[in-house]
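Q: got a predicted structure plus its sequence, pasted below:
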Amino acid sequence: MDEPRSTTAADTGDQIEPTSHAVEAESVATEEPELEAVAAAPELLANSFGEYVRAWRERIRSGDSGALPVILGLFVVVVFFQIERSEFLSNINIVNLLVQAAVFILFGAAELFALILSEIDLSVGYVAAVGGFIIAELIAPPVSLPWWLGILGGFAATATIGLLQGTVITRLRVPSFVVTLGGLLLWQGVMLELADVDKTAVGGVITISTSSPVYQLVNSNMPVWLGWVSLAAVLAIFAVLSVTQAARRRARGLSAPPLSITAVKIVTTAVGGILLVWVCNKNRGLLIPLKGVPWVVPFVGIVLALWSVLLGRTKLGRYIYAIGANPEAARRAGVNVAWVRTLGFTLVGLTAGMAGLVYESRLGSMATDIDGGTLVLYAVAAAVIGGASLFGGRGKPLHALLGGLLIAAVFNGLGLLGINAAGQDIATAIVLIVAATVDSLVRRRGAGGAL
Amino acid sequence: MSTADSPPAQDAQPPAAANGAPLVSLRGISKSFGPVRALTHVDLDIPPAQVTALAGDNGAGKSVLIKTLSGLWGPDEGEIVWEGRPVHLHGPKDAEALGLTTIYQDLALCDNLDIVQNMFLGHEELRHGLLDETTMEITARSTLKDLSVTTVRSIRQPVASLSGGQRQSVAVAKALMRRSKLVIMDEPTAALGVAQTRQVLDLIRNLSSRGVAVLVISHNLNDVFEVADRIAILHLGRLVAAGPVSEFEPASVVDYMTTGRSSRTGAASGPATAQGV
């Protein structure tokens, strides 16, 4: 192109160079050193550190802020509470916060699949409750299955619920809002029935044996050495994958992030991981020593990693994003849209079951007073606050992680300040509305750039 | 822009082009929707490596014709002959398998996916069961280079950030990458500015110079005369005229489009009428 332009490529009249010039115009993108405000992933555009930072800035300015708002929000919330209460960042409270966040994160990850598909699932709260009851009843007498079979049974049940709802939504073409609104009631009823059938559930409460791994998931910790070893393994895998992937791209003539960027990413992840394990491994017991990373932390980490690979690196994930943005385009490309949507709802159900497991593990019991209606709202809130779009087509498991952490931080901090439930609800509502507004503004800017 | 009858890159595409046989022939195609007769005995030949413009007023049957050709529905009467063999299309997939791509006005792109992801949507390359982004990116890049699409900054940018002409380029590149033999484009320049229309017309010429047959639906006679080798005109479901562009002039095309006949003749003999094609 002729002159340097400061605006996006999108809003100027670009032209294709005639064929005769094609020989000189060697590459499509990679050899162009100057960067314009395009909303591309910076690591795929830049070849040097400076370029990377510039591309990243342009991307944010063009409206694709990704996880940046929630990271800033998290920072503000943490600083605020730390100033108000110095025990906020104590190691006891951080571990507490992580455990609190685990439920929100998994609910957010469940809702994420529906949101990317441009759908909604209002039933996740009570689907999780049904899963929780099934697990609790399967591992307790009289059934007394091994803990892992109980968990598998619960997950299978919630995944089947998702499959069922997805089938009604896609085959009978009933809007997901209606089907899952019905599900919100239906699965609450089923949950009450499950509690009713079980004679051991006195007053609708089933206690989980403290010796069961289902209880220990949240309430027991990894040995100190295992925490460090696992972290080292994760960091090593991450580093090797990042470096080899970049090398593979460069070897085949594609742009790849410079080594400095890869190094910065690996070091940042390492510092974060070391801090996390260090905080968890410090003694936080008051009378008896208590240290180690709660098992729920690697559990959530593995789930999020799995879902990230599924969404980012598999055909199914690619189709989920495509359908969320333009189902007609996906259909014409030969994608089985109904099936992918159904699978999406199945994944919602499965992940909701995981949230149910962590929920009951934390409480040490499963009770019919679980408020599935409110949990749904937190599920949507976690995903949207984290950066997933309510309008479909955008969102990552990472967003559920950040959104869940932010909600938990707000809850936790307000609790430390002695603010009651009313205040907590109001604060969470404000955070949610701010997040949805950011999403809507970003979307408008993005569309403005495209047209 | 030349509208020469002999395409420049014919030697690269020997099969049907060499003997001058049409790539596709529509023979006596009729299609009714209830009492409405949308197409009546349409005969149309589409030669390889040439741009055929399909003109006609609103309701003349252009869309019905291309949807029949893309296999969305079967014709009531008549047959489609593809490279000399009669074919029965039972859906868009059949048409795609033959090597026919239809690019509708909405382009069917996913705004949240990048150029590479859009080009490979539904045909992703895998490596160890996971998406092979590197291979896909290399193929996409070389295809865009073949099409002389040089204005996109990065093929990893989401298509939401592309201009109308660039989006059209992505849709065309997708067709070229699948080795399509016939690309049908529905109003490709509608809603585009001057510079971007230029971009798309160049793209169409480029496509035909690669041996691909292009059928373009357009209302814009300037575009038609600029880009087409042949013109076919529908009027109330009948093909009223078809022939090389040299046999028409804008005024006669307008006559055909509005009244189904023309007393004017652009060239000495005048275009062949429907039966003569």
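A: Okay, I see it. Numbers count the residues shown, from 1 in each chain, chains lettered A, B, ... in the order given.
Q: for residue 121, which non-adjacent residue is closest in space?
A: You didn't say which chain, so I picked chain A. Of all residues not flanking A:Asp121 in the chain, A:Ala114 sits nearest, at 4.1 Å (CB to CB, 6 or more residues apart in numbering or on different chains). The C-beta positions use only the backbone N, C-alpha and C, and glycine is treated the same way.
Q: try chain B instead
A: Closest to B:Leu121 by CB to CB, 6+ apart is A:Ala333, at 4.2 Å.
Q: residues contacting that neighbour?
A: A:Ala322, B:Ala108, B:Leu121, B:Gly122, B:His123 (CB atoms under 8 Å, 6 or more residues apart in numbering or on different chains).
Q: right, and the fourth one touches A:Arg331 too?
A: It refers to B:Gly122. No. Using CB atoms under 8 Å, B:Gly122 is not in contact with A:Arg331, being 9.3 Å away.
Q: how far does the strand or helix carrying A:Thr428 sit from the chain's center?
A: Per DSSP states H and E: A:Thr428 is located in helix A:421-450. With CA atoms, centre = their mean, to the nearest Å as the basis, helix A:421-450 stands 17 Å off its chain's centre.
Q: mind giving me the packing neighbours of that helix?
A: If you count contacts as 3 or more CB pairs under 8 Å, 6 or more residues apart in numbering or on different chains; DSSP states H and E, helix A:421-450 packs onto helix A:68-84, helix A:372-386, helix A:397-416.
Q: pick the one among the contacts of A:Ala333 closest to A:Trp278.
A: A:Ala322 (41.8 Å; CB to CB).
Q: which is the next helix or strand following whichever strand or helix holds the closest one?
A: Element membership of A:Ala322 [criterion: DSSP H and E] is helix A:315-325. The element immediately downstream of helix A:315-325 (helix or strand, assigned by DSSP H and E) is helix A:327-332.
Q: neighbouring contacts of stretch B:101-111?
A: Counting by CB under 8 Å, 6+ apart, residues outside stretch B:101-111 touching it are A:321-322, A:325-326, A:328-330, A:332-333, A:393, A:450, B:66, B:69-70, B:92, B:95, B:117-118, B:121, B:158-160, B:167-168, B:170-172, B:174-175, B:178, B:180, B:182-188, B:190-191.
Q: give me the buried positions along that stretch.
A: In terms of neighbour count (16 or more other CB atoms under 10 Å in any protein chain shown), stretch B:101-111 has its buried residues at B:Thr101, B:Thr102, B:Ile103, B:Tyr104, B:Leu107, B:Ala108, B:Leu109, B:Cys110, B:Asp111.
Q: next step: these restricted to strands.
A: B:Thr101, B:Thr102, B:Ile103 (DSSP state E).
Q: same question for whichever strand or helix holds A:Ile169, mean pLDDT?
A: Here A:Ile169, judged by DSSP H and E, is contained in helix A:147-171. Across helix A:147-171, pLDDT averages out at 96.
Q: from the buried residues of stretch B:101-111, pick the one nearest B:His88.
A: Looking across the buried residues of stretch B:101-111 and measuring by CB to CB, the closest to B:His88 is B:Thr102, at 17.6 Å.
Q: show me the shaky parts of the stretch 1-150 of chain B.
A: B:1-20 (pLDDT under 70).
Q: and it, which residues reach chain A?
A: Proximity of the stretch 1-150 of chain B to chain A is confined to B:92-93, B:96, B:106, B:108-114, B:117-118, B:121-124, B:126, B:129-131, B:134, B:137-138, B:141, B:144-145, B:147-150 under the rule CB under 8 Å from any CB of the partner chain.
Q: out of those residues, which are inside helices?
A: Within the residues of the stretch 1-150 of chain B next to chain A, residues falling in helices by DSSP state H are B:Pro92, B:Lys93, B:Glu96, B:Gln117, B:Asn118, B:Thr134, B:Glu137, B:Ile138, B:Arg141, B:Leu144, B:Lys145.
Q: show me what contacts the spatially closest residue to the first one that is not a sequence neighbour?
A: Nearest residue to B:Pro92, sequence neighbours excluded (CB to CB, 6+ apart): B:Gly71, at 5.1 Å. If a contact means CB under 8 Å, 6+ apart, then B:Gly71 has B:Leu89, B:His90, B:Gly91, B:Pro92, B:Lys93, B:Asp94, B:Ala95, B:Leu100 as its contacts.
Q: on the three-state scheme, B:Gly71 is what?
A: When classified by DSSP: H, G, I helix; E, B strand; the rest coil, B:Gly71 comes out as coil.
Q: could I get the phi/psi values of it?
A: phi 80, psi 10 (degrees, to the nearest 10).
Q: cool, the one 10 residues further on as well?
A: Geometry field for B:Val81 lists phi and psi as phi -110, psi 120, criterion degrees, to the nearest 10.
Q: pick the one among the contacts of A:Ala333 closest to B:Asp255.
A: B:Ala108 (34.8 Å).
Q: tell me how far the closest residue to B:Gln117 other than its chain neighbours lies from A:Leu402.
A: Nearest non-adjacent residue to B:Gln117, counting by CB to CB, 6+ apart: A:Arg318, 6.6 Å away. Note on A:Arg318: its distance to A:Leu402, by CB to CB, to the nearest Å, is 23 Å.
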